[in-house]
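Trainee: need a structure here:
(chains A, B, C, D, E and F)
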6 protein chains.
Amino acid sequence: MSHSDVPRIDGRTPDQLRPVTLERGWSKHAEGSVLVSFGDTKVFCTASVTEGVPRWRKGSGQGWVTAEYSMLPRSTNTRGDREAVRGRIGGRTHEISRLIGRALRAVVDFKALGENTVVLDCDVLQADGGTRTAAITGAYAALADAVAWAQEKKLVKAKAQPLTGAVSAVSVGIVDGVPLLDLCYEEDVRAETDMNVVCTDDGRFVEVQGTAEGAPFSRDELNVLLDLAVKGCAQLDGAQRQALGGE
Amino acid sequence: MSHSDVPRIDGRTPDQLRPVTLERGWSKHAEGSVLVSFGDTKVFCTASVTEGVPRWRKGSGQGWVTAEYSMLPRSTNTRGDREAVRGRIGGRTHEISRLIGRALRAVVDFKALGENTVVLDCDVLQADGGTRTAAITGAYAALADAVAWAQEKKLVKAKAQPLTGAVSAVSVGIVDGVPLLDLCYEEDVRAETDMNVVCTDDGRFVEVQGTAEGAPFSRDELNVLLDLAVKGCAQLDGAQRQALGGE
Amino acid sequence: MSHSDVPRIDGRTPDQLRPVTLERGWSKHAEGSVLVSFGDTKVFCTASVTEGVPRWRKGSGQGWVTAEYSMLPRSTNTRGDREAVRGRIGGRTHEISRLIGRALRAVVDFKALGENTVVLDCDVLQADGGTRTAAITGAYAALADAVAWAQEKKLVKAKAQPLTGAVSAVSVGIVDGVPLLDLCYEEDVRAETDMNVVCTDDGRFVEVQGTAEGAPFSRDELNVLLDLAVKGCAQLDGAQRQALGGE
Amino acid sequence: MSHSDVPRIDGRTPDQLRPVTLERGWSKHAEGSVLVSFGDTKVFCTASVTEGVPRWRKGSGQGWVTAEYSMLPRSTNTRGDREAVRGRIGGRTHEISRLIGRALRAVVDFKALGENTVVLDCDVLQADGGTRTAAITGAYAALADAVAWAQEKKLVKAKAQPLTGAVSAVSVGIVDGVPLLDLCYEEDVRAETDMNVVCTDDGRFVEVQGTAEGAPFSRDELNVLLDLAVKGCAQLDGAQRQALGGE
Amino acid sequence: MSHSDVPRIDGRTPDQLRPVTLERGWSKHAEGSVLVSFGDTKVFCTASVTEGVPRWRKGSGQGWVTAEYSMLPRSTNTRGDREAVRGRIGGRTHEISRLIGRALRAVVDFKALGENTVVLDCDVLQADGGTRTAAITGAYAALADAVAWAQEKKLVKAKAQPLTGAVSAVSVGIVDGVPLLDLCYEEDVRAETDMNVVCTDDGRFVEVQGTAEGAPFSRDELNVLLDLAVKGCAQLDGAQRQALGGE
Amino acid sequence: MSHSDVPRIDGRTPDQLRPVTLERGWSKHAEGSVLVSFGDTKVFCTASVTEGVPRWRKGSGQGWVTAEYSMLPRSTNTRGDREAVRGRIGGRTHEISRLIGRALRAVVDFKALGENTVVLDCDVLQADGGTRTAAITGAYAALADAVAWAQEKKLVKAKAQPLTGAVSAVSVGIVDGVPLLDLCYEEDVRAETDMNVVCTDDGRFVEVQGTAEGAPFSRDELNVLLDLAVKGCAQLDGAQRQALGGE
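Mentor: Take a look at the predicted model:
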């Protein structure tokens, strides 16, 4: 990959994340809350704990975790209509909400959680590419705080460990033939291939979603992108640990 | 009003505002943006400018200003359903969006604005009473920035003054018989009478909305509440000036 | 107010109501029903009593009163779309429905009502300004009949007095600088300031909603408008008494 | 039919209509308006004329006539939810709106009407069976007035005759084995067979809708019902003529 | 009817049905399923049995049968929007779903069915006129299979006979003055009068819906059409018997 | 993979597809139509060509291809509600519709297509796992027929080649530790990892969507699954060629 010495729009190297911050305790009401930023992408993640589970899960002894993603109308360069005003959730919103939920459920032991529900709300305050990966990364930290709260409040049994691991996510893509980590918006719109990867803290995959935006991609390209993503997620895992360990 | 020596929940005197902050430039995309806080109430206000006006106003030579208000699901103590998920805007949301729009239009000279539209989005990140009055107060500052941007971009004619004044808003109410300024949530739920007042910077009224939550209120009570509100708005006007002058 | 000798569109003096009629028993099905007219504004108000209360109020021993307002599509000069066809309740409809509900609840003793619900439907058959104030004034009379029905049917305890007073409403506004009582449509569209005032029969306020349509209004103007409104409500209270006493 | 000497609930003979009234000019805004009553069934019909036609008919030189039917929530014995609140038009409402539109279009010469649209709104104020047939009968009279208005306003060419005939409708049914004309609600719910028939003033059929509510019906029963319906429509035609001729 | 020697578009005689097929067992999941074709009109009918009934019928000891009709977007010559995408069921769809439900309920003994529900889904795969009549005819066969399944599974009591007869439906109409049986699409759009008739296997009527598309129709025309329809339904009844007896 | 000698539910080997059929010309109306089956999964795919493109693409000289996926209510073992009746498209439906559209667009040269739009409707008649991959595979064949039709009708320029390749899709997953190709429903619900892979006919990837349903999956597992998927798509490509070449 000889192109890799071409500097990126924001001066990063191809395998470099944008600055990542995870500010906890951003809401006085929510059981867990994090303002996560991947560069100029800022997502406000809250975790709301309620006793009980949806009807279809009652009596199972198991909890539930779900997520809702949304963009504020002017989180983007051009104002978008509110989905509440249109009266419908768009396909992209649905898709991302479902992705976030699946990603977090991958590290939850529902028996240990008991019949409690955690809803993760991920509201994009400012978008600059990678909002879904920032949301997953931030929501995990909010979830960790919410689970700790539930343990303290004895909603969860004393020695139960509802979280089986950590989860983070990052985007990768091929732009002008160069594989790049953590695309910003300008890179994202120019990418020939775009992939979102969700990893656990042991480097395994929870979700791999690669899409050819232009030409189809080869097995070799896929492999290079996966390498980059695994590396990026390891760094995000470190950022989560640092943020959560700061208590 | 002998009760006035009873300290309020948060230690304020009856005629004291909560700490007010107006942080400008909170969005890299919006033409104007302000994070306003009235104590623990935090509202993110963005002003989006677009050339052109709604169909019914085309060719009039006049601009338009409108607003949309929304609460994030966990901005409150208990998580609320998203209106986008329910597929409907609730009555309260509609009512407040309309109020904010009317309040701001009261200080706009639409001829001077020309055929441009400004949409104010007021998203409540955290609620602790007075979200609509904080929204109006913050949205005015975001609007002022957006108008300045439009002037710089020559969307508005050189010497045009699209803003004819400033506007701010505050809540007042009677709690346990004591008239109070700028109610926090706990005071709001206990108020017998609740009033939202929108003033211009010359102390006149744009909107007066008083509601008896318990017993009807007398003309005297109304007068005391209006006095408090006018005083509060004057202070908010000062906070706006300071924030906007800080450039 | 030297302008007051300028005759109004329909020949009234500034402080004169339009002819008011309250025809009871306009529906054979409803527990209370009134066709109210304020001049050419005609609103059909029905009160429907059902045993039981909404879920959130069950077991409280208290009743509930709510209202729904709607305009027939051709109640106005130009036909409007049906909200049922559009699939959404508009903001104005929501706002007025909520106002009517609050106004009536202000004179209800919910303990005395017991766990019964009264729904007031206010359907505008013909509009000529002041539809919401006519609706409140007529709905009160329908409510009074419905409560009497409930007492007769023993749904309400023998000596319970679910109504703590009467309530009526009127609009006031400043047109060409002259404060006017009970605006008709043509006056309403030209008003600089428009206010709707809801009073109890002892002259206190349940709701005061003043809006500057053009220039902001001063404290003095507010006071003159309130004087007019209180006077108008007193007359409406008389009309209600006469209609209800006619049994 | 030996049962025919058994008196009906309201004392009518089997082949007797309820008292029919058609009050014209019930709205000051609409181009045509009629309050029609078939006994206790009362439907408010307005005809709204607008220049122009729906997009799919533009440039055809032909007009259009359509109808919307709705029941006020407390027009029935038990209050029904508003369709606007539910956010959907129910199947029954759709079906009846379409029936009314088809019935009226059967007597319209769209070339003669020119590119004008007439919308018939039929709002049921009080229901006691036969609301759709009363609506058609009343809407025809409102349409006749609207067409006359359009002729006077020169929207329709001088010698054009947009109406090719008159149309009216009535229900018939078999109750306890007896064929009855113009069923009231109590008869309607007990009917084994229920039929709505729309006739032109020359006694031909525009619409015949017969439904077996209980057992299927025979050809003979169908014939008896059609005889009754034709007779009833002839009387309704007379009532329309009288109402329209009274100008 | 001297026109009857004019051959139809597809060479049929005026009183001839299109080729009818009823293929059972078209779904491996549904309790009853039939692919019915009337010429090029193809409707996929499934019958789904569930224990229990809607809330309003609980405890009655009686079952329920309902139907939903829908057209695939490209079942017609020009692609139509999906109703799910528009977010609303159209009036025509509502009307036909209700018709199918009523037609089938006419031959169900709900006591014998017990508290079970059968939902008939009729999805039009290809449309060429007569989709509603094909749907009724096919849905009856699917219902018969579903009832047999329920009897085998002991959901229905041993000797209960939930079906009191068979039901089928056909369209008839007058095209260029000639009464025709079972109209294809091209005939349907040219028909002056269009009628859908639902008969039981003993030749009585469940539903008769005749509509004048052009000029009103006379009693004589109605009679000729009914004769044709009765004859057509008798043949459809034969086709159902043959299909159901083939087990 | 020592488990690979354990026979699958339906007797297949781990790397064996279910029987695949592609029946073309299943609709007389659509420009392209295919009934595709992967074992018991049956999807009816139609391609509808219209001249012109959506507004945002007008004047670009480029065409557009989009897709809509839906399941008939009883395509599954238990009847599901219709999305049209619920008034909303569910998240899963949205997600799959978007996936199909992206997959097909990957092999379209929009310049060569010219300003024409092709809509692919994929309606699941019977579901047994892999509905989205069957839909993509069948929709490609329908698209190929539709493009040929457009060429014949001269909607597309004489020598233009709107299709740059073929596309097919298959699911793979790990069940009880064994990587399997083309999961049926029973395998799908038990899969620890589930992946949908869309390939072009040259073996490159258009879309890779892998999801850990249970434990996260390793890089090695991912590689084995990709090997299986590539092999499966190559066979599906053969089936498409055979079906399309059969003309």
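Trainee: C-alpha from now on. contacts and neighbour counts both.
Mentor: OK.
Trainee: Which residue does chain A have closest to chain C?
Mentor: The nearest approach of chain A to chain C comes at A:G87, 8.9 Å away (Cα to the nearest Cα).
Trainee: Identify the residue nearest that residue in space, chain neighbours excluded?
Mentor: Nearest non-adjacent residue to A:G87, counting by Cα to Cα, 6 or more residues apart in numbering or on different chains: B:G87, 4.3 Å away.
Trainee: The one you found: what's it in contact with?
Mentor: Contact partners of B:G87, counting by Cα atoms under 8 Å, 6 or more residues apart in numbering or on different chains, are A:84, A:86-89.
Trainee: A:W56: what secondary structure?
Mentor: helix (DSSP: H, G, I helix; E, B strand; the rest coil).
Trainee: Please, where are all the strands along chain A?
Mentor: If DSSP state E is used as the criterion, the strands of chain A fall at A:20-24, A:32-38, A:41-51, A:64-71, A:116-126, A:167-175, A:178-181, A:193-200, A:205-212.
Trainee: Which helix runs longest in chain A?
Mentor: helix A:219-245 (DSSP state H).
Trainee: worst-scoring helix or strand of chain A, pLDDT-wise?
Mentor: Here the helix or strand of chain A ranked lowest by mean pLDDT, DSSP states H and E is helix A:83-86, holding a mean of 84.
Trainee: May I see the contacts of B:G87 organised as TSV, with distance to E:A142 added?
Mentor: Output for the contacts of B:G87, formatted as TSV (distance: Cα to Cα, whole Å):
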residue	distance to E:A142
A:A84	41
A:R86	40
A:G87	37
A:R88	35
A:I89	36
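Trainee: Name only those of those that count as buried.
Mentor: In the contacts of B:G87, burial by neighbour count holds for A:84, A:87-89, counting by 16 or more other Cα atoms under 10 Å in any protein chain shown.
Trainee: closest to C:L225 among the residues you listed?
Mentor: Proximity of the buried ones among the contacts of B:G87 to C:L225 was ranked by Cα to Cα; the top entry is A:A84 with 37.8 Å.
Trainee: OK, contacts around the closest one?
Mentor: A:A84 is in contact with B:82-89, counting by Cα under 8 Å, 6+ apart.
Trainee: A:F217 now?
Mentor: Residues in contact with A:F217 (Cα under 8 Å, 6+ apart) are A:193, F:204-206.
Trainee: Mind picking the two most distant members of those?
Mentor: Comparing the members of the contacts of A:F217, the greatest separation, given Cα to Cα, is between A:T193 and F:R204, at 12.0 Å.
Trainee: Pick out whichever of those two has more residues nearby.
Mentor: Here A:T193 and F:R204 are compared on neighbour count by other Cα atoms under 10 Å in any protein chain shown; more neighbours surround A:T193, at 26 against 20.
Trainee: In contact with A:V43, which residues are there?
Mentor: Under the criterion of Cα under 8 Å, 6+ apart, the contact list for A:V43 reads A:35-37, A:122-126, A:131, A:134-135, A:138.
Trainee: related to what we said a few turns ago, take the contacts of A:A84 and lay them out in TSV including distance to A:F217.
Mentor: What follows is the contacts of A:A84, written out as TSV (distance: Cα to Cα, whole Å):
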residue	distance to A:F217
B:R82	38
B:E83	40
B:A84	36
B:V85	36
B:R86	39
B:G87	39
B:R88	42
B:I89	43
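Trainee: Dump the strands of chain A to a markdown table, plus mean pLDDT.
Mentor: Rendered in a markdown table, the data for the strands of chain A read as follows (pLDDT from 0 to 100):
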| stretch | mean pLDDT |
| --- | --- |
| strand A:20-24 | 97 |
| strand A:32-38 | 98 |
| strand A:41-51 | 97 |
| strand A:64-71 | 97 |
| strand A:116-126 | 98 |
| strand A:167-175 | 97 |
| strand A:178-181 | 96 |
| strand A:193-200 | 97 |
| strand A:205-212 | 96 |
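Trainee: Tabulate those (TSV), appending distance to D:A146.
Mentor: Rendered in TSV, the data for these read as follows (distance: least, Cα to Cα, whole Å):
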stretch	distance to D:A146
strand A:20-24	67
strand A:32-38	62
strand A:41-51	58
strand A:64-71	50
strand A:116-126	53
strand A:167-175	64
strand A:178-181	69
strand A:193-200	62
strand A:205-212	60
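Trainee: Same list (the contacts of A:V43) but as a markdown table, adding distance to E:S168 and neighbour count.
Mentor: Listed next are the contacts of A:V43 as a markdown table, based on distance: Cα to Cα, whole Å; neighbours: other Cα atoms under 10 Å in any protein chain shown:
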| residue | distance to E:S168 | neighbour count |
| --- | --- | --- |
| A:L35 | 64 | 26 |
| A:V36 | 64 | 27 |
| A:S37 | 65 | 27 |
| A:C122 | 54 | 32 |
| A:D123 | 55 | 23 |
| A:V124 | 57 | 27 |
| A:L125 | 60 | 25 |
| A:Q126 | 61 | 25 |
| A:T131 | 57 | 30 |
| A:A134 | 59 | 32 |
| A:A135 | 57 | 33 |
| A:G138 | 61 | 33 |
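Trainee: Within reach of chain B, which of those are there?
Mentor: A:123, A:126 (Cα under 8 Å from any Cα of the partner chain).
Trainee: circling back: name the nearest of the contacts of B:G87 relative to D:P7.
Mentor: Of all these, the one sitting nearest D:P7 is A:G87; the distance, using Cα to Cα, is 53.8 Å.
Trainee: quick one, what contacts the closest residue to A:Q16 other than its chain neighbours?
Mentor: Spatial nearest neighbour of A:Q16, chain neighbours left out: A:L181 (6.2 Å); criterion: Cα to Cα, 6+ apart. A:L181 is in contact with A:14-17, A:170-173, A:228-229, A:232, counting by Cα under 8 Å, 6+ apart.
Trainee: correct me, but A:T164 touches A:K111?
Mentor: No. With contact defined as Cα atoms under 8 Å, A:T164 does not count as touching A:K111 (11.4 Å).
Trainee: Quick test: name the residue nearest the centre of chain A.
Mentor: A:I136 (1.4 Å; Cα atoms, centre = their mean).
Trainee: Please read off the pLDDT at that one from the model.
Mentor: On the pLDDT scale, A:I136 is placed at 98.
Trainee: Pretty sure it sits against A:I100.
Mentor: Yes. Taking contacts as Cα under 8 Å, A:I136 lies within contact range of A:I100: 5.6 Å.
Trainee: Name the residue of chain A that lies nearest to chain B.
Mentor: Of chain A, the residue with the smallest distance to chain B, taken as Cα to the nearest Cα, is A:A84 at 3.6 Å.
Trainee: got a pLDDT number for the residue of chain A found nearest chain D?
Mentor: Scanning chain A for proximity to chain D using Cα to the nearest Cα identifies A:G87 as nearest, at 10.6 Å. The model reports A:G87 with a pLDDT of 80.
Trainee: before we move on, what about the one 10 residues further on?
Mentor: According to the predicted model, the pLDDT of A:S97 comes to 96.
Trainee: distance of it from F:E95?
Mentor: 11 Å (Cα to Cα, to the nearest Å).
Trainee: Comparing those two, which residue is more hemmed in?
Mentor: Set side by side, A:S97 and F:E95 show unequal neighbour counts under other Cα under 10 Å, the larger going to A:S97 at 23 against 19.
Trainee: The more buried one and A:I89 touch, don't they?
Mentor: No. Because the distance of 10.5 Å does not satisfy Cα under 8 Å, A:S97 is recorded as not touching A:I89.
Trainee: how close does A:V119 get to E:R204?
Mentor: Distance, A:V119 to E:R204, by Cα to Cα: 58 Å.
Trainee: And A:G63, by the same measure?
Mentor: Applying Cα to Cα, the value for A:G63 to E:R204 is 58 Å.
Trainee: And for A:E115?
Mentor: Taken as Cα to Cα, the spacing of A:E115 relative to E:R204 amounts to 58 Å.
Trainee: Contact residues of chain A facing chain F?
Mentor: Where chain A comes near chain F, counting by Cα under 8 Å from any Cα, the residues are A:88, A:90-92, A:94-95, A:98, A:106, A:200, A:203-219.
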